[in-house]
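**Student:** Okay, predicted coordinates and the sequence, questions at the end:
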Amino acid sequence: VDAEESKRAKRPGQILGSFMTGGQIWSSAVHDAGTVFIGSDDGSLWALDLETLALKWKADTGGRVRSTPAVADGSVYFVSDDGFLYSVTTSDGSRSWLFDLRCAGIERVLPSIHPPYAYDYLSSSPTVHHGMVFVGSANGTLYAIEAATGKEKWHFNTGDRIRSTPKVHQKRVYFGSWDYHLYALSIDNGKQVWRFDTGGIVQSSPAFGDGLVYIGSRNPKVFALDAATGKQVWEFEHTDGSWVESSGIYQDGVLYMGSSDSLTLFAFDGATGNVKWKYRTGGWSWC
């Protein structure tokens with residue numbers, strides 16, 4: 001009887017628990033080994049028990065924590081608006097090292113329904129791959145950092161701030177910049193393999209599928225490029241001028257990507273860019 005009651009109690013979409021931080025949450029949550037990690041505008045990274053949502057620990061910083069944390073080998077890596085990349089332990093949140101991203105003085109323009117529409121709400125989040133941490137900075141630089149020590153291996157400069165989260169794919173790291181370009185670099189030395197001009201600010205992060213890399217732009221378009229060469233395969237233009245702030249997800253031949261002013265989630269055929277279906281959300285679909 002207890003099992004049946006428990007089954008009935010957990011209906012799809014039902015809230016099973018909640019936890020209040022001290023600020024807005026723009027960070028995405030990450031789960032690892034029974035712990036949920038999430039950043040908050042209160043300046044902290046919070047570690048919560050998955051089952052109870054009870055607080056395990058929190059790591060305090062000097063700025064908003066809008067990056068999505070990355071977990072690897074007993075460490076959590078995340079960026080704060082105080083201008084530093086943090087490495088803390090998963091067990092108790094004690095600090096292992098700090099890396100200066102040299103962007104502490106660059107202030108955000110928060111989202112608004114009034115002009116000017118130059119808002120800057122995201123944070124580049126760290127990506128961990130084979131003992132290296134890749135992360136972008138608001139100073140326009142992508143850094144490759146040793147995960148164990150926090151020492152820089154190489155860096156690459158773009159023409160404007162980087163809010164896109166770098167993604168590693170087949171020995172290359174891909175990311176967008178506010179200088180309008182999507183970049184592909186060698187993960188070994190940071191040398192540019194190719195770059196593609198989207199015609200607008202790239203706030204989002206790339207997605208991959210069947211040899212293609214997908215990216216959205218404030219141009220306002222969605223692009224599919226050959227991941228090896230950077231050559232354009234197709235593009236989709238929002239004729240209503242809607243920015244593409246959303247980062248895409250590719251699965252089973254379909255690219256899912258949100259929009260801004262269109263207030264819509266789109267499902268594209270990954271190979272052709274044709275719209276398979278769309279869902280009206282009623283709000284900016286940025287995630």
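**Tutor:** Looks like it arrived, so ask away.
**Student:** Where does residue 184 fall, secondary structure wise?
**Tutor:** Using DSSP states H and E, the element containing residue 184 is strand 181-186.
**Student:** how big is the angle separating the helix or strand just after that strand from strand 181-186?
**Tutor:** Downstream of strand 181-186, the next assigned helix or strand under DSSP H and E is strand 192-197. Interaxial angle of strand 192-197 relative to strand 181-186 (axes from the mean of the first three to the mean of the last three Cα atoms, to 10 degrees): 170 degrees.
**Student:** Does anything pack onto strand 192-197? Which helices or strands?
**Tutor:** strand 181-186 (3 or more Cβ pairs under 8 Å, 6 or more residues apart in numbering; DSSP states H and E). Every C-beta, even on glycine, is put in place using the N, C-alpha and C of the backbone.
**Student:** I would like the residues contacting the strand it packs on, please.
**Tutor:** Residues from elsewhere that reach strand 181-186 (Cβ atoms under 8 Å, 6 or more residues apart in numbering): 142, 156, 158-159, 171-177, 191-198, 202, 206, 213, 215, 223, 225, 227, 230.
**Student:** what do you get if the cut-off is 6 Å, keeping everything else the same?
**Tutor:** 156, 172-176, 192-197, 215 (Cβ atoms under 6 Å, 6 or more residues apart in numbering).
**Student:** Which among these count as buried?
**Tutor:** 156, 172-176, 194-196, 215 (16 or more other Cβ atoms under 10 Å).
**Student:** Between those, which sits nearest residue 147?
**Tutor:** Residue 147 lies nearest to residue 173 out of these, by Cβ to Cβ, at 14.3 Å.
**Student:** correct me, but the closest one touches residue 167?
**Tutor:** No - assessed by Cβ atoms under 6 Å, residue 173 is found out of contact with residue 167, at 7.1 Å.
**Student:** Name whatever forms a beta bridge with the closest residue to residue 273 other than its chain neighbours.
**Tutor:** Using Cβ to Cβ, 6 or more residues apart in numbering and skipping the chain neighbours, the partner closest in space to residue 273 is residue 234 (3.8 Å). The partner list for residue 234 in beta bridges (DSSP bridges) reads residue 224.
**Student:** isn't residue 234 right next to residue 222, touching?
**Tutor:** No - look at residue 234 against residue 222 with Cβ under 6 Å: they stay out of range, at 8.7 Å.
**Student:** returning to what we had before: among the buried ones among the contacts of strand 181-186, which are in helices?
**Tutor:** Of the buried ones among the contacts of strand 181-186, none are assigned to helices by DSSP state H.
**Student:** Could you tell me what pLDDT the model assigned to residue 118?
**Tutor:** Residue 118 is assigned 83 on the pLDDT scale.
**Student:** Now do the same contact list for the closest residue to it other than its chain neighbours.
**Tutor:** Leaving aside its chain neighbours, residue 118 sits nearest to residue 109 (5.3 Å; criterion: Cβ to Cβ, 6+ apart). Residue 109 is in contact with 118-120, counting by Cβ under 6 Å, 6+ apart.
**Student:** redo that, cut-off 10 Å
**Tutor:** Taking Cβ atoms under 10 Å, 6 or more residues apart in numbering as the criterion, residue 109 is in contact with 116-121.
**Student:** Looking at these, which is nearest residue 273?
**Tutor:** Distance to residue 273 across the contacts of residue 109 (Cβ to Cβ) is lowest for residue 117, with 26.0 Å.
**Student:** all helices in the protein, in order from the N-terminus.
**Tutor:** Applying DSSP H to the chain gives helices spanning 2-9.
**Student:** Point out where it drops to low pLDDT.
**Tutor:** 1-9 (pLDDT under 70).
**Student:** In this structure residue 103 contacts residue 120, no?
**Tutor:** No - counting by Cβ atoms under 10 Å, residue 103 does not reach residue 120; the two are 11.5 Å apart.
**Student:** Pull up the overlap in contacts between those two.
**Tutor:** Counting by Cβ under 10 Å, 6+ apart, the common neighbours of residue 103 and residue 120 are 138, 161.
**Student:** who's more crowded, those two?
**Tutor:** Per other Cβ atoms under 10 Å, whichever of residue 103 and residue 120 has more neighbours is residue 103, with 20 against 17.
**Student:** burial count for the closest residue to residue 49 other than its chain neighbours?
**Tutor:** Leaving out its chain neighbours, the residue that sits closest to residue 49 by Cβ to Cβ, 6+ apart is residue 56, at 5.9 Å. Look at residue 56: counted by other Cβ under 10 Å, it has 17 neighbours.
**Student:** ok, now which ones touch residue 56?
**Tutor:** Contact partners of residue 56, counting by Cβ under 10 Å, 6+ apart, are 34-37, 46-49, 90-93.
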